[in-house]
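Novice: model this:
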Amino acid sequence: MNSPLSPLPLRLGTRGSPLALWQANFVAERLRPVATPRPVELVLIETHGDRDQASALAAMGGFGVFTKAIQTALIENRADVAVHSLKDLPTIPEPQLELVAVPPRGPTGDVFVSRKFPRFDELPEGATVGTSSLRRRAQVLNRRPDLKLVDLRGNVETRLRKLDEQNLDGIILAEAGLMRLGLGARITELLDSSWMLPAVGQGAIGLECRASDDETKHLVEALRCMDTFRRVQAERAMLYALGGGCLVPIGSTSKIRDGVLTVRGAVLSPDGKRRVVATHTGPADAPLAVGQELAAMLLAEGANELLKNESPA
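Specialist: Predicted structure coming up:
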C-alpha cells in the first residue's frame with residue numbers, strides 16, 4: 001500500500017535581514033494553524049537593496065529595490081507568499097500578483113535615537129543626524145534647516161552601530177522596527193506625526209500572492225485585519241494618484257473611528273523648504289476613493305508643482 005504524498009509546503013518569500021525574518025516568522029506562526037496539514041517554510045531571497053549597501057536609496061531609484069526580487073520569486077513559483085514591509089512595496093501593481101492581506105499594523109511612527117540629546121528639538125545648531133529616507137530628510141530640514149544630514153544605510157542594528165561609530169548626534173528610525181527587534185529601549189523620543197509624517201504603509205506587513213493562486217489567497221486572507229487593510233489602501237491610493245513611487249518626499253497618517261476613515265498627507269520638496277499638507281475623511285468602506293480625493297486636494301494645494309520638479313538626485 002502506497003503512503004500518502006506529503007502536502008506541499010507553503011513557501012513564504014522574505015528578505016534575510018533580522019527585521020524581515022521577524023516579520024516572516026510572525027506571519028508563519030499565524031499561517032501554520034490555517035494551512036495545516038501543509039508545512040509553512042521560509043524562502044530567503046536577496047534583493048537589490050540588500051546587495052548594494054553603499055548607494056543612497058534615492059540614487060538606486062528607490063522603487064522596488066527591496067521587493068522586486070521577492071515578487072519575481074512569486075511569479076516564477078519559487079515562493080507562494082511574499083512577505084513585504086508594506087512601505088517598501090511600490091503602489092504600481094504587478095499584473096500577475098495581488099496584495100491579499102495586511103495583518104494588524106504595528107507602530108507607525110518615526111523615532112529619534114541619540115546618546116547625547118534627550119529630544120530632537122534640543123539638538124544644537126549644525127548637529128549631525130543620520131537617515132536613509134528622503135521623506136525623513138525633507139521633514140527634518142523643514143523643521144530644522146540648520147541640521148547636517150548624512151546618509152545612513154543598512155539594517156536596524158547596522159544603523160544603531162553607525163550612530164556610535166560615526167559619532168552622530170542622532171539618527172531617525174521607524175518605531176516598528178525597533179520594537180519588533182526588542183530594541184525599544186534605544187528609543188530616545190517618538191517624533192510628533194504633526195511634522196514627521198510616516199511613510200505610506202509604515203508599520204504594516206503586506207502579504208502578496210499570485211493572482212491566479214486561489215488556494216493560497218484563501219489561506220492568507222485569514223490574516224487580514226480589515227481596519228489596517230482599509231487604512232493602507234487609502235494611503236497607497238493617495239500615493240499612486242500622486243505618481244506611484246516618485247522620489248518626492250511624501251508622508252501619511254490614517255485612522256478609522258466609528259466607520260469614518262481619516263487620512264492626512266504631506267508632500268515636500270527634497271530640501272524641505274516647501275510643504276503641502278491636507279486631511280480628508282470619508283467612509284471606511286471606500287478607502288480608494290478617500291485616498292484619491294486626498295491626492296486631488298494635495299495637488300490643488302500646490303503639490304503638483306513639487307511633483308513636476310522631482311529629481312532622482
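Novice: ok, and the closest non-adjacent residue to V267?
Specialist: A303 (4.0 Å; C-beta to C-beta, 6 or more residues apart in numbering). (Each C-beta comes from the backbone N, C-alpha and C, glycine too.)
Novice: where does the one you found land in three-state SS?
Specialist: Following DSSP: H, G, I helix; E, B strand; the rest coil, A303 is assigned to helix.
Novice: from Q96, how far off is it?
Specialist: 32 Å (C-beta to C-beta, to the nearest Å).
Novice: please apply the same query to Q71.
Specialist: 9 Å.
Novice: residues near the spatially closest residue to G251 that is not a sequence neighbour, how many?
Specialist: Closest residue in space to G251, ignoring its immediate chain neighbours: L197 at 2.7 Å, by C-beta to C-beta, 6+ apart. By other C-beta atoms under 10 Å, the residues close to L197 number 28.
Novice: would you map out the domains in the chain?
Specialist: According to automatic domain parsing, the chain comprises the domains 1-105+204-224, 110-190, 225-306.
Novice: what helix or strand is the residue nearest to G251 on?
Specialist: Using DSSP states H and E, L197 sits in no helix or strand.
Novice: sorry, back to before: who has more neighbours, A303 and Q96?
Specialist: Shown here are A303 and Q96; by other C-beta under 10 Å, A303 has more neighbours (26 against 12).
Novice: which residues of this structure fall in strands?
Specialist: 10-14, 40-44, 81-85, 97-101, 110-113, 128-131, 148-151, 170-174, 189-190, 205-210, 250-257, 260-268, 275-283 (DSSP state E).
Novice: hey, which of the ones you listed is tucked in deepest?
Specialist: strand 81-85 (a mean of 26; mean count of other C-beta atoms under 10 Å).
Novice: tell me which residues touch L306, please.
Specialist: 248, 267-269, 274, 276 (C-beta atoms under 8 Å, 6 or more residues apart in numbering).
Novice: which one of the residues you listed is nearest to K87?
Specialist: V248 (15.3 Å; C-beta to C-beta).
Novice: that closest one - how many residues pack around it?
Specialist: V248, neighbours per other C-beta under 10 Å, totals 20.
Novice: contact partners for the closest residue to R135 other than its chain neighbours?
Specialist: Distances taken as C-beta to C-beta, 6+ apart put P249 closest to R135, at 4.3 Å, once the chain neighbours are dropped. By C-beta under 8 Å, 6+ apart, the contact set of P249 is 134-135, 137-139, 267-270, 272.
Novice: considering those residues, which possesses the most neighbours?
Specialist: V267 (29 neighbours).
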